[in-house]
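J.: For reference, the sequence and a predicted model appear below.
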Amino acid sequence: MPDADLLAPIAERAAAPAVLPGPTAGGLTWRPATTDDAPALLELRNTVAAADREPYRETLAEIVELLGAPWRDLGADTVLGLDAQGALRAYGYVESMPGDTLLVRAFLWGAVHPERRGEGIGRELFAWQVARARQLLAASGKEVPARIASFLEDDAPAAKVRLYERGGFTPRRYYSDLERDLRDLEARPVPAVEPDAGLRLVPLGDEHDEATRLAHNDAFRDHWGSQPMTVQQWRSGRSMYAPEWSFVVMDPAPDVDALLADPATDAETAAALRAGEPLVVGYHIASRYTEDFAVRGYPFGYTDILGVRRAYRGRKVAVALLSAGMRAFAADGMAAAALDVDTQNPSGAHGLYASLGYTKRHGSRLLSIEL
């Protein structure tokens, strides 16, 4: 990222319009979303996912969480397009995360019903999204590098890819959806691995929640595009969370003086150490995405996040957590273990997954405008 001291003010870089462009194509009526729109939005999103052969589906609980996120301003950051019969035919929203500190981001999400494509709706909706993203970045007041970003599946419709290219978006990062077959563990056993002596692997309980958030913020501090998560962010999006598949590694007797002397130890972790709080050094958080089972053709366990504090890398923490997760998936009758990884992950995670039998099933990429 560029040096923040050399950047023009964010208000100047964002070049936010005073008035948002109003979509008019397709004769749709446009309005902001409300929490009551969750069922209609779910139906539209899953219809689009099926038409575009996306490898996932969503549940009502996930959409309710999305619309109810405490930092989201539905009136300003969402828009729905409805036809003359009141049916939802397009949606868009822009999201900027409150925890962003060294990089402020605005993510674009949206789609048009497959039956209404080719009418210019998507192009006008996209223009609204980009304009609103610029407004959010300008209003943030954060004098740091900025990014307008969106994700595309590798096999996304060509028209959508062209829309982003013409809008000035450039591919920045590539991700792989990996999977490990768990159906023949006699032929391909999951190794039983313990972390180094002195560290303890235990089920992730409510009492570990805040310590795990702090571990996450440290673990992902050197990952491209990652920013710290606030308590609100960390506790959101848990409708599919599977505690029976989730684990942490603790250090019951950390070298507090050494960690406090380490300039890489963040302020929140330092405060927790001084207060004698438990130290989570690694974590495996998993979810049960039951709506996706039919799409894949079999049940699977999904590793949402795997992370290890930087000071504890090289102590078998990650492999112990991942093997514990895989064994939990298999014991629960799951046919496979799945996860998503940045192909340029700096912690060497891609090599770890390959060594445990994970192979690529699908891919996606992040496209952005850097400001």
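T.: Structure's in. What do you need?

J.: Let me see the ranges of the strands in the stretch 251-371 of the chain.
T.: 279-287, 300-308, 336-342, 359-370 (DSSP state E, counting those that start in this stretch).

J.: So which of these is nearest residue 163?
T.: strand 359-370 (10.4 Å; CB to CB). Where C-beta positions appear, they are placed from N, C-alpha and C, glycine not excepted.

J.: That closest one pairs with which strands?
T.: strand 146-153 (antiparallel), strand 170-181 (antiparallel) (DSSP bridges).

J.: okay, those in CSV with mean neighbour count, distance to residue 342 and mean pLDDT next?
T.: Listed next are the strands paired with strand 359-370 as CSV, based on neighbours: other CB atoms under 10 Å; distance: least, CB to CB, whole Å; pLDDT from 0 to 100:
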stretch, mean neighbour count, distance to residue 342, mean pLDDT
strand 146-153, 21, 12, 94
strand 170-181, 18, 6, 92
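
J.: Show me the one of those that comes nearest residue 281.
T.: Nearest of the strands paired with strand 359-370 (CB to CB): strand 170-181, 23.6 Å.

J.: what's next to the closest one, contact-wise?
T.: 55, 149, 188, 224-225, 300, 326, 335-344, 350, 353, 356-370 (CB atoms under 8 Å, 6 or more residues apart in numbering).

J.: could you redo the last one with a cut-off of 6 Å?
T.: Strand 170-181 has contacts (CB atoms under 6 Å, 6 or more residues apart in numbering) with 336-343, 353, 357-358, 360-368.

J.: now swap in stretch 156-169 and tell me
T.: Against stretch 156-169 from outside (CB under 6 Å, 6+ apart): 52, 126, 367, 369.

J.: Just the buried residues of the residues you listed.
T.: 126, 367, 369 (16 or more other CB atoms under 10 Å).

J.: Once you drop chain neighbours, what's closest to the first one?
T.: Pointing back at residue 126 there. residue 163 (5.6 Å; CB to CB, 6 or more residues apart in numbering).

J.: same question, the second one
T.: Nearest-residue entry for residue 367: residue 169, 4.0 Å, with adjacent residues in sequence omitted and distances by CB to CB, 6+ apart.

J.: count of neighbours near that neighbour?
T.: Residue 169 is flanked by 21 other residues according to other CB atoms under 10 Å.

J.: Beta-bridge partners for the spatially closest residue to residue 329 that is not a sequence neighbour, please?
T.: Counting by CB to CB, 6+ apart, residue 329 lies nearest to residue 301, which is 3.2 Å off, once chain neighbours are set aside. Applying DSSP bridges to residue 301 gives these bridge partners: residue 337.

J.: Can you give me the distance of residue 301 to residue 361?
T.: Counting by CB to CB, to the nearest Å, the separation of residue 301 from residue 361 is 14 Å.

J.: and residue 371, how many neighbours?
T.: 21.

J.: Tell me who's in contact with it.
T.: So residue 371 contacts 13, 146 (CB under 6 Å, 6+ apart).

J.: where's it relative to residue 96, distance?
T.: Residue 371 is 13 Å from residue 96, by CB to CB.

J.: next one: residue 106
T.: Taken as CB to CB, the span from residue 106 to residue 96 is 5 Å.

J.: These two: who's more crowded?
T.: residue 106 (28 against 23).

J.: What lies in contact with the longest helix anywhere in the chain?
T.: As assigned by DSSP state H, the longest helix anywhere in the chain is helix 121-140. Residues outside helix 121-140 that contact it (CB under 6 Å, 6+ apart) are 11, 14-17, 20-21, 23, 25-26, 90, 92, 94, 96, 104, 106, 108, 110, 112, 146, 148, 163.

J.: With only the CA atoms kept, save it in PDB.
T.: Only the C-alpha atoms of helix 121-140 are listed here, as PDB (Å, rounded to 0.1, in the frame of the first residue of the first chain):
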ATOM      1  CA  ILE A 121     -30.400  -2.500 -15.400                       C
ATOM      2  CA  GLY A 122     -27.100  -3.900 -14.300                       C
ATOM      3  CA  ARG A 123     -25.100  -1.100 -15.900                       C
ATOM      4  CA  GLU A 124     -27.200   1.600 -14.100                       C
ATOM      5  CA  LEU A 125     -27.200  -0.300 -10.800                       C
ATOM      6  CA  PHE A 126     -23.400  -0.700 -11.000                       C
ATOM      7  CA  ALA A 127     -23.100   3.100 -11.500                       C
ATOM      8  CA  TRP A 128     -25.200   3.700  -8.400                       C
ATOM      9  CA  GLN A 129     -23.000   1.300  -6.400                       C
ATOM     10  CA  VAL A 130     -19.700   2.900  -7.400                       C
ATOM     11  CA  ALA A 131     -21.000   6.300  -6.700                       C
ATOM     12  CA  ARG A 132     -22.300   5.300  -3.300                       C
ATOM     13  CA  ALA A 133     -18.900   3.600  -2.600                       C
ATOM     14  CA  ARG A 134     -17.200   6.900  -3.300                       C
ATOM     15  CA  GLN A 135     -19.500   8.700  -1.000                       C
ATOM     16  CA  LEU A 136     -18.800   6.200   1.800                       C
ATOM     17  CA  LEU A 137     -15.100   6.500   1.400                       C
ATOM     18  CA  ALA A 138     -15.100  10.300   1.300                       C
ATOM     19  CA  ALA A 139     -17.400  10.400   4.400                       C
ATOM     20  CA  SER A 140     -15.100   8.000   6.400                       C
END
